[in-house]
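Novice: below are the sequence and a predicted model; questions follow.
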Amino acid sequence: MEKARMIYETGEIITTEIYRVSPEEKDELNRLSAERHERLREEAVPNIRKRYEQMAQLQKGVYTLNITFEPVKQEVEELVQFLTSDRWPYHGVENPTESNIRNAYASGAYHNENTQTFWIVDKDSHQKIGLIRLFEVTDPIVMLDLRIRGEYRGKGIGKSALRWIVSHVFTEFPEVIRIEGHTRVDNSSMRALFAKSLFVLEAYHRKSWRQEGLLFDSVGYAVIRADWENNQVTPIPWSIT
């Protein structure tokens with residue numbers, strides 16, 4: 001290759017170096033570039049096909065995502081993107097704004113001595129598909145908040161997440177005796193999820209859930225340590241007089 005020098009004038013002199021190549025050298029460079037692109041394509045296609053097949057199976061309900069749980073670190077941008085890119089119809093604020101999230105993050109709402117926050121991550125695609133928040137972890141009674149991205153709801157992820165929450169809390173915090181979760185009375189999916197995960201319906205609160213200017217009834221569920229340890233559900237004696 002023969003080195004050449006070109007000068008561009010843009011109010012001041014800026015110099016750069018380019019190279020003249022022979023037709024043979026150009027052909028060789030084109031061949032190497034084509035080989036590189038073909039190699040990248042061959043490496044990418046199987047992964048793309050695998051992911052497509054997984055999503056197709058997921059939509060049919062025949063594939064279970066391989067998920068893991070990772071602590072949320074200094075990831076305010078990821079929290080903003082996650083929470084503002086979906087609707088959360090059964091949470092207090094259905095459409096949180098960026099400023100809401102940033103202000104909450106700055107005030108320690110996601111990280112403090114009493115609160116833990118975790119991502120639910122698809123291990124195959126490395127996508128963040130859910131968010132878990134645990135409140136009052138230094139108290140004998142822990143509260144939970146669980147969010148799953150819209151396209152992943154109804155796929156069994158919530159059940160796996162709720163079981164992980166119970167195991168994590170009772171294992172990591174020996175002083176905790178119960179875990180509570182509350183939802184709107186019309187959130188049938190979450191109520192069914194609680195019922196499948198050792199949680200017991202303990203409370204019905206009339207006109208207690210304020211959202212979008214309206215008041216809804218809400219319900220409270222809880223699992224106690226003894227039930228988790230014995231893998232059984234202790235029913236509520238509703239006939240108490």
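Specialist: Received, thanks.

Novice: would you map the strands across this structure?
Specialist: Taking DSSP state E as the test, the strands found in the chain are 2-9, 13-20, 67-71, 115-122, 128-135, 141-148, 178-184, 200-211, 214-224.

Novice: next, format these as CSV and append distance to Arg191, mean neighbour count and mean pLDDT.
Specialist: Yep, even glycine has a C-beta here, placed from its N, CA and C like the rest. Listed next are these as CSV, based on distance: least, C-beta to C-beta, whole Å; neighbours: other C-beta atoms under 10 Å; pLDDT from 0 to 100:
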stretch, distance to Arg191, mean neighbour count, mean pLDDT
strand 2-9, 68, 8, 46
strand 13-20, 66, 9, 57
strand 67-71, 22, 14, 95
strand 115-122, 20, 20, 96
strand 128-135, 18, 20, 97
strand 141-148, 13, 19, 97
strand 178-184, 7, 20, 97
strand 200-211, 8, 14, 94
strand 214-224, 7, 18, 96
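
Novice: could I get those as a markdown table with distance to Arg31?
Specialist: What follows is those, written out as a markdown table (distance: least, C-beta to C-beta, whole Å):
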| stretch | distance to Arg31 |
| --- | --- |
| strand 2-9 | 21 |
| strand 13-20 | 17 |
| strand 67-71 | 42 |
| strand 115-122 | 38 |
| strand 128-135 | 41 |
| strand 141-148 | 48 |
| strand 178-184 | 61 |
| strand 200-211 | 62 |
| strand 214-224 | 64 |
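
Novice: so which of those strands is nearest Ser85?
Specialist: Ser85 lies closest to strand 128-135 among the strands of the chain, at 10.6 Å (C-beta to C-beta).

Novice: partner strands of that closest one, parallel or antiparallel?
Specialist: Here strand 128-135 has these sheet partners by DSSP bridges: strand 115-122 (antiparallel), strand 141-148 (antiparallel).

Novice: now those in a markdown table, with distance to His182?
Specialist: Shown next, in a markdown table, are the strands paired with strand 128-135 (distance: least, C-beta to C-beta, whole Å):
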| stretch | distance to His182 |
| --- | --- |
| strand 115-122 | 16 |
| strand 141-148 | 8 |
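
Novice: which residues does the residue positioned nearest the centre of the chain contact?
Specialist: Centroid check for the chain by C-alpha atoms, centre = their mean gives Gly130 as the closest residue, at 2.2 Å. Contacts here follow C-beta atoms under 8 Å, 6 or more residues apart in numbering; on that basis Gly130 touches 67, 119-120, 146-149, 152, 157-158, 161.

Novice: for the residues you listed, give me a markdown table that also has distance to Met190.
Specialist: As requested, the contacts of Gly130 are exported to a markdown table (distance: C-beta to C-beta, whole Å):
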| residue | distance to Met190 |
| --- | --- |
| Ile67 | 18 |
| Trp119 | 19 |
| Ile120 | 15 |
| Leu146 | 8 |
| Arg147 | 11 |
| Ile148 | 10 |
| Arg149 | 15 |
| Tyr152 | 14 |
| Ile157 | 13 |
| Gly158 | 7 |
| Ala161 | 11 |
